[in-house]
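Student: how would this look folded up:
(one chain, ligands or ions: 1)
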Amino acid sequence: MTPQCINSCNTPVMPSSSLVMFLERVQSAALMSLGPTSFDPKIYVDLAVKFDLDITISAFDALSRKGLNETIPALVFQKFVNDYFLPAGTDLVVHLPVDYVENPEGFLPKVKHPEVRLWALKVHSLWKNLSRRVADEVSERPDLHTLLPLPNPFVIPGSRFKEVYYWDSYWIVRGLLASKMHDTAKAIASNLISLIETYGFVPNGARLYYTNRSQPPFLSSMVLDIYKRTKDIEFLKRALPSLLKEHEFWNSGVHSVFIQDAQGHKQSMSRYYAMWNKPRPESATVDEELASNFLNDSQKEMYYREVASTAESGWDFSSRWLSNLHDSTSISTTKILPADLNTYILKMEHDISFLANALGDSSISEKFSKASTQRWSAFNSIFWNDETEQWVDYWFGDEKNCEDVPHWKSHNQNSGVFASNFIPIWIDICNSDKTIVTKIMKSIKSSGLLNSYGISTSLSNTGQQWDFPNGWPPIQHMIVEGLIRSGLEDARHFAQDIAIRWLKTNYATFKETGFMHEKYNVESCGIEGGGGEYDPQTGFGWSNGVVLSLLEEFGWPQDRPIDCSDKSSHPNNGNLQN
Ligand SMILES: OC[C@H]1O[C@H](O[C@H]2O[C@H](CO)[C@@H](O)[C@H](O)[C@H]2O)[C@H](O)[C@@H](O)[C@@H]1O
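Tutor: Okay, the predicted model is just below:
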């Protein structure tokens with residue numbers, strides 16, 4: 001498949017399954033019967049069906065209904081759910097990872113501080129809360145479950161996210177490697193490989209309703225990190241064909257678009273683009289309500305596609321994708337070339353070249369080395385902004401004609417400040433260049449994103465979860481890690497300062513709740529109830545992963561207190577802006 005025009009003429013839609021369509025009806029009925037208070041639409045599409053689908057549908061259709069809206073009385077509805085379904089999550093089985101030990105040999109050698117070490121070991125023990133495998137019934141009767149069968153055990157994000165998620169898995173794998181749980185890390189990557197073998201790409205998550213889109217692509221990073229630790233060549237042999245397939249997925253069809261850069265060269269870059277134009281099943285009631293602002297079906301379909309494409313970006317939702325900050329229906333993700341996505345793909349190309357070389361396949365290795373050189377030159381000409389010294393997203397204009405290759409225009413670079421503008425520093429081709437690192441450091445300092453807990457994702461407080469005041473573990477981590485890896489003394493100190501504040505924030509929430517939270521904000525550091533979300537049963541996987549890998553790479557200064565109650569080093573006394 002060749003790259004598409006930006007306003008695609010050929011817009012694919014994956015077929016929906018009768019199970020998911022039925023569960024969406026149940027979800028919608030639940031909202032009417034039970035009301036909007038504490039309503040989580042995802043619970044209903046995660047239900048496991050007890051009997052054949054046609055029997056269940058007939059029973060649902062036969063329920064008594066009242067009033068003009070044909071609402072099912074709450075007690076009748078609840079009885080139906082109890083009789084015909086197993087609760088969400090019951091088709092997953094708690095699993096004790098085979099390679100888990102309480103105090104792994106060689107664990108975080110750079111962490112000598114006793115309190116920090118104790119904390120790290122407790123975080124390590126949290127893997128047990130998040131480890132699952134798919135119950136046997138799922139492979140026996142896949143038609144009754146939206147959960148996808150997977151060959152190996154895995155680690156879930158936690159909270160309402162009871163299944164595997166693609167990009168969460170990378171941060172989890174990073175932590176597992178720090179925890180010396182190499183087999184679990186490999187099992188997770190192998191599951192994702194098996195999903196590529198089935199679907200041609202890694203779905204957003206391991207649920208039927210997530211198979212219409214992917215998520216930020218980190219499989220090559222996962223494979224590379226695992227290979228560097230284990231030198232397992234068999235694992236690599238199995239992984240490489242899937243990495244090639246995944247590269248093709250992101251560089252063809254709707255994900256790939258042509259643009260003519262400022263030098264007149266025709267370049268192909270990647271974007272987020274879901275193969276879906278309906279409400280997201282896991283949030284259908286929410287999406288339908290917002291779509292009611294549109295007058296006709298075609299506008300609604302375009303809106304739904306933008307929403308699902310934003311879910312593919314992992315940043316669901318953020319002002320980063322809005323053409324009008326105050327209007328969440330102005331979401332335009334498919335009209336954007338994202339700097340972060342193209343960073344991940346550039347890294348994927350480097351990784352594949354390295355891994356193919358390790359397998360002795362010089363022709364693939366050279367092909368991908370060339371592809372990465374090509375993308376790197378396109379990358380700089382499209383995303384780099386000399387004035388702000390950041391890599392910014394590129395917004396297409398109103399290109400109408402499918403035949404035209406749009407020309408790059410400087411005013412189409414997004415002027416908004418987002419943490420994604422600094423993500424490229426994560427990859428070696430950027431962080432090995434001292435001039436770039438110095439510019440980026442200066443730019444982060446003046447960006448306004450620095451906060452008492454680290455780096456916020458944006459400057460706008462829109463109420464969207466990926467906006468200010470929240471900071472998200474993976475984003476924070478890529479920037480810090482890139483600066484550390486630059487080897488520049490200044491950058492290292494600066495990154496260390498951010499990392500210390502971030503770790504203190506995490507420690508404070510951990511001390512308060514016993515768990516790691518999904519995201520962090522200014523309230524998180526041991527004060528006023530803590531910020532971010534967490535689940536008292538599970539905590540959150542990517543925060544475990546980021547904390548452990550940061551401590552592994554960085555250690556902790558022996559003489560520096562980690563406790564937020566020590567006001568002399570309280571993150572909120574920080575002076576990061578200067
Ligand atoms: O239920 C709504 C959405 O939830 C997911 O997104 C959020 O959680 C994921 C798991 O931690 C995370 O990967 C993502 O970045 C978060 O924004 C899901 O991925 C979405 O597709 C879904 O619509």
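
Student: Next up, the contacts around the closest residue to the ligand within the chain.
Tutor: Closest to the ligand within the chain is A311: 3.4 Å, counting by C-beta to the nearest ligand atom. Glycine gets a C-beta too; all of them are placed from N, C-alpha and C. A311 sits next to N204, R213, Q215, A274, R280 when contact means C-beta atoms under 8 Å, 6 or more residues apart in numbering.

Student: For it, pull up the helix or strand it's in.
Tutor: Assigned by DSSP states H and E, A311 belongs to helix 297-313.

Student: in that helix, what's buried?
Tutor: 300-313 (16 or more other C-beta atoms under 10 Å).

Student: now do stretch 128-148
Tutor: Those would be 129-135, 137-138, 144-148, for stretch 128-148 by 16+ other C-beta under 10 Å.

Student: could you pick out which of those are near the ligand?
Tutor: Filtering the buried residues of stretch 128-148 for proximity to the ligand by C-beta under 6 Å from any ligand atom leaves nothing.

Student: Please narrow those residues to those residing in strands.
Tutor: S131, R132, R133, V134 (DSSP state E).

Student: Can I get those in CSV including pLDDT and distance to V480?
Tutor: Below are those laid out as CSV (pLDDT from 0 to 100; distance: C-beta to C-beta, whole Å):
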residue, pLDDT, distance to V480
S131, 97, 27
R132, 98, 29
R133, 98, 33
V134, 98, 34
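
Student: Which of those sits closest to P561?
Tutor: When these are compared for distance to P561 (C-beta to C-beta), S131 comes out closest, at 32.3 Å.

Student: check contacts around the closest one.
Tutor: So S131 contacts V94, H95, L96, P97, Y100, P153, F154, V155, T184 (C-beta under 8 Å, 6+ apart).

Student: ChimeraX command to pick out the buried ones of these?
Tutor: Under the burial definition 16+ other C-beta under 10 Å, those of the contacts of S131 that qualify are selected in ChimeraX by:
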select :95,97,100,153,154,155,184
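
Student: coming back round to it: so can I have a markdown table of the ones in strands among the buried residues of stretch 128-148 showing distance to P41?
Tutor: Formatted as a markdown table, these follow (distance: C-beta to C-beta, whole Å):
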| residue | distance to P41 |
| --- | --- |
| S131 | 27 |
| R132 | 22 |
| R133 | 26 |
| V134 | 23 |
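
Student: can you list the residues of the protein near the ligand?
Tutor: 42, 157, 161, 165, 167-168, 204-205, 280, 282-283, 311, 314, 316.

Student: Compare the residues you listed and tell me which is most surrounded.
Tutor: When neighbours are counted by other C-beta atoms under 10 Å, G205 leads the residues of the chain next to the ligand with 28 neighbours.

Student: Show the pLDDT at the residue lying closest to that one once chain neighbours are set aside.
Tutor: In this structure, G205 finds its nearest non-sequential neighbour in Y165, 4.6 Å apart by C-beta to C-beta, 6 or more residues apart in numbering. Note for Y165: predicted pLDDT of 98.

Student: again with the one 5 residues further on
Tutor: As predicted, Y170 sits at a pLDDT of 98.

Student: Do I have it right that it meets S221?
Tutor: Yes. With contact defined as C-beta atoms under 8 Å, Y170 reaches S221; the gap is 5.9 Å.

Student: The two: which is more packed in?
Tutor: Y170 (25 against 20).

Student: Now do the contacts for the more buried one.
Tutor: So Y170 contacts F218, L219, S221, M222, P474 (C-beta under 8 Å, 6+ apart).

Student: List the contacts of S486.
Tutor: Here S486 is in contact with I425, N431, S432, K434, V437, R492 (C-beta under 8 Å, 6+ apart).

Student: Show the buried residues in the residues you listed.
Tutor: Using 16+ other C-beta under 10 Å, the buried members of the contacts of S486 are I425, N431, V437.

Student: what's the distance between the nearest residue to the last one once chain neighbours are set aside and K278?
Tutor: So that's V437. What sits nearest to V437 in space, not counting adjacent residues and going by C-beta to C-beta, 6+ apart, is S486, at 4.3 Å. Note on S486: its distance to K278, by C-beta to C-beta, to the nearest Å, is 45 Å.

Student: again, but for G314
Tutor: The value you get for G314 to K278, if C-beta to C-beta is used, is 20 Å.

Student: Then P157?
Tutor: If you go by C-beta to C-beta, the gap between P157 and K278 works out to 24 Å.

Student: T71 now?
Tutor: T71 is 23 Å from K278, by C-beta to C-beta.

Student: Now do the buried residues in stretch 347-358.
Tutor: Quick answer for stretch 347-358 (16+ other C-beta under 10 Å): K347, M348, E349, H350, D351, I352, S353, F354, L355, A356, A358.

Student: hang on, I500 in a helix?
Tutor: Yes. I500 forms part of a helix when assessed by DSSP: H, G, I helix; E, B strand; the rest coil.

Student: That one and R560 touch, don't they?
Tutor: Yes. Using C-beta under 8 Å, I500 is in contact with R560, at 6.9 Å.

Student: Between the two, tell me which one has more neighbours.
Tutor: Taking neighbours as other C-beta under 10 Å, I500 and R560 compare with I500 leading, 20 against 14.

Student: any idea of the pLDDT on the more buried one?
Tutor: For I500, pLDDT reads 91.

Student: ok, now how distant is it from I562?
Tutor: For I500, the distance to I562 - C-beta to C-beta - is 8 Å.

Student: domains for this structure, by residue range?
Tutor: Here the domain parsing of the chain from automatic domain parsing is 18-86, 272-336, 418-578.

Student: Could you pull up the mean pLDDT of the first one?
Tutor: If I follow you right, that is domain 18-86. pLDDT averaged over domain 18-86 gives 97.

Student: Reformat the contacts of A311 into a markdown table and put pLDDT next to each item.
Tutor: Output for the contacts of A311, formatted as a markdown table (pLDDT from 0 to 100):
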| residue | pLDDT |
| --- | --- |
| N204 | 98 |
| R213 | 98 |
| Q215 | 98 |
| A274 | 98 |
| R280 | 98 |
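
Student: OK, contacts around P153?
Tutor: Contacts of P153 by C-beta under 8 Å, 6+ apart are H95, P97, S131, R132, R133, T184, A187.

Student: Verify the stated contact: the fifth one with F154.
Tutor: Okay, so that is R133. Yes. Between R133 and F154 a contact is recorded at 7.2 Å, counting by C-beta under 8 Å.

Student: Excluding residues flanking it in the chain, which one is nearest L322?
Tutor: Closest to L322 by C-beta to C-beta, 6+ apart is S330, at 5.0 Å.

Student: so when I look at P469, I'm seeing a strand, right?
Tutor: No. Counting by three-state DSSP, one finds P469 to be coil, located in no strand.

Student: Confirm for me that it is in contact with N451.
Tutor: Yes. P469 lies in contact with N451 (C-beta under 8 Å); the separation is 7.3 Å.

Student: Columns distance to T343 on top of the domains of the chain, output as JSON lines?
Tutor: Output for those, formatted as JSON lines (distance: least, C-beta to C-beta, whole Å):
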{"stretch": "domain 18-86", "distance to T343": "30"}
{"stretch": "domain 272-336", "distance to T343": "13"}
{"stretch": "domain 418-578", "distance to T343": "5"}
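
Student: quick one, which of those domains is nearest to E366?
Tutor: Of these, nearest to E366 by C-beta to C-beta is domain 418-578, at 16.9 Å.

Student: what separates the closest one from the chain centre, distance-wise?
Tutor: Centroid separation for domain 418-578 versus its chain: 17 Å, with C-alpha atoms, centre = their mean, to the nearest Å.

Student: Repeat that for stretch 38-50.
Tutor: On C-alpha atoms, centre = their mean, the centre of stretch 38-50 falls 22 Å from that of its chain.

Student: No more questions from me, cheers.
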